[in-house]
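Visitor: Give me coordinates for this.
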Amino acid sequence: MHLRLTVEPPYRPGMDRRRFLVTSLASVLAAPLVTEAQPIRKVPTIGYVGLPNEPSEPRWRDGFERGLRDHGYVPGQNIAIEVRTYTTRDGLLRAFDEIIRQKVDVIFVGQPLLAVAGREATRDIPIVCGSCGDPTENGLAVSLARPGGNVTGLASLSAEIIAKRLELVKELFPGVSRVAVFLFPANPGTRATSRALDAAGRSMALDIRRFDIRGAGDFETAFRAADATVRVRSCCRTIPCCGRSARRSARWR
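Guide: Have a look, this model is predicted:
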């Protein structure tokens, strides 16, 4: 049975993030049990793709499993979880290939980069994304009202608040004229962020200097380059697997 997943249940502002995501998973997992009469009840399986060295990953996993238990799904009893991690692009592709071959009922990911990779790997298995970025910008949804496809989750329209962030920078650092911004090019939302930065920079007479972060090893070089050219630095995108390195490398003046 192929399941075409839209936003179900609908997300409402202020709705608890964990409840929305786990309820989305629960609605997918319950569908086969309602539509197919099976002599032996199949234990639903969730495919979970995450980053092994991301500092926030243990909190994601803990909240994920607690949310399942809150809805009556106990891992190892009435729900199975296939976990795969990766550290490289090739490893990510292998992780999705293994998850798909396990014939899971639904896939859970935490970031838009993973959701895009998952959608490229399968258009049949439903994917729930913890943070989809701007799903219309990165191709995960046709529109917020009617996303279509096989991906659902929470939209994070951070590009829309870029101007407010730069306003705060100007308030904190009066007279600032040049700002360094660290961007993760592989993030599907980076293009929208770049456009918002250009527009906001022009309106506020700010010289925006961009520094790309493609991996943990880029932080030291990027921060040294920023130190030589600007006074204020800002990370405008979440950068997978680099949080610990960013904190170690950042020396805010």
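Visitor: which residue ranges form the helices in the stretch 51-200 of the chain?
Guide: Counting by DSSP state H, counting those that start in this stretch, the stretch 51-200 of the chain has helices at residues 57-70, 89-101, 112-121, 162-172, 190-203.
Visitor: quick one: the fourth one to chain centroid distance?
Guide: Helix 162-172 has its C-alpha centroid displaced from the chain centroid by 24 Å (CA atoms, centre = their mean, to the nearest Å).
Visitor: now the angle from that helix to helix 190-203?
Guide: For helix 162-172 against helix 190-203, the angle by axes from the mean of the first three to the mean of the last three CA atoms, to 10 degrees is 50 degrees.
Visitor: how many other residues sit next to the closest residue in space to residue 207 that isn't next to it in sequence?
Guide: Sequence neighbours aside, residue 178 is the residue nearest to residue 207 in space, at 4.3 Å (criterion: CB to CB, 6 or more residues apart in numbering). All C-beta atoms are positioned from the backbone trio N, CA, C, and that covers glycine. As a burial measure, residue 178 scores 14 neighbours (other CB atoms under 10 Å).
Visitor: Wait, residue 178 touches residue 204, no?
Guide: No - counting by CB atoms under 8 Å, residue 178 does not reach residue 204; the two are 11.6 Å apart.
Visitor: Relative to residue 73, how far out is residue 122?
Guide: 22 Å (CB to CB, to the nearest Å).
Visitor: between those two, who's got more neighbours?
Guide: Per other CB under 10 Å, whichever of residue 122 and residue 73 has more neighbours is residue 73, with 21 against 17.
Visitor: Quick check, that one in contact with residue 80.
Guide: No - with contact defined as CB under 8 Å, residue 73 does not reach residue 80; the gap is 9.9 Å.
Visitor: tell me, what's touching the two both at once?
Guide: residue 44 (CB atoms under 8 Å, 6 or more residues apart in numbering).
Visitor: count of residues packed around residue 118?
Guide: Applying other CB under 10 Å, we find 28 residues neighbouring residue 118.
Visitor: show me what contacts it?
Guide: Residue 118 touches 49, 96, 107, 109, 127, 151, counting by CB under 8 Å, 6+ apart.
Visitor: From residue 100, how far off is it?
Guide: 9 Å.
Visitor: what ranges do the strands span in the stretch 101-250 of the chain?
Guide: 106-109, 127-129, 151-153, 178-183, 207-212, 232-235 (DSSP state E, counting those that start in this stretch).
Visitor: now those in a markdown table, with mean pLDDT?
Guide: What follows is the strands of the stretch 101-250 of the chain, written out as a markdown table (pLDDT from 0 to 100):
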| stretch | mean pLDDT |
| --- | --- |
| strand 106-109 | 95 |
| strand 127-129 | 93 |
| strand 151-153 | 91 |
| strand 178-183 | 87 |
| strand 207-212 | 88 |
| strand 232-235 | 52 |
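Visitor: Over to stretch 98-111 now: how far is its first residue from its last?
Guide: From its first residue to its last, stretch 98-111 covers 19 Å (CA to CA, to the nearest Å).
Visitor: if we can go back for a sec, of all the strands of the stretch 101-250 of the chain, which lies closest to residue 145?
Guide: Smallest distance to residue 145 across those (CB to CB): 12.8 Å, for strand 151-153.
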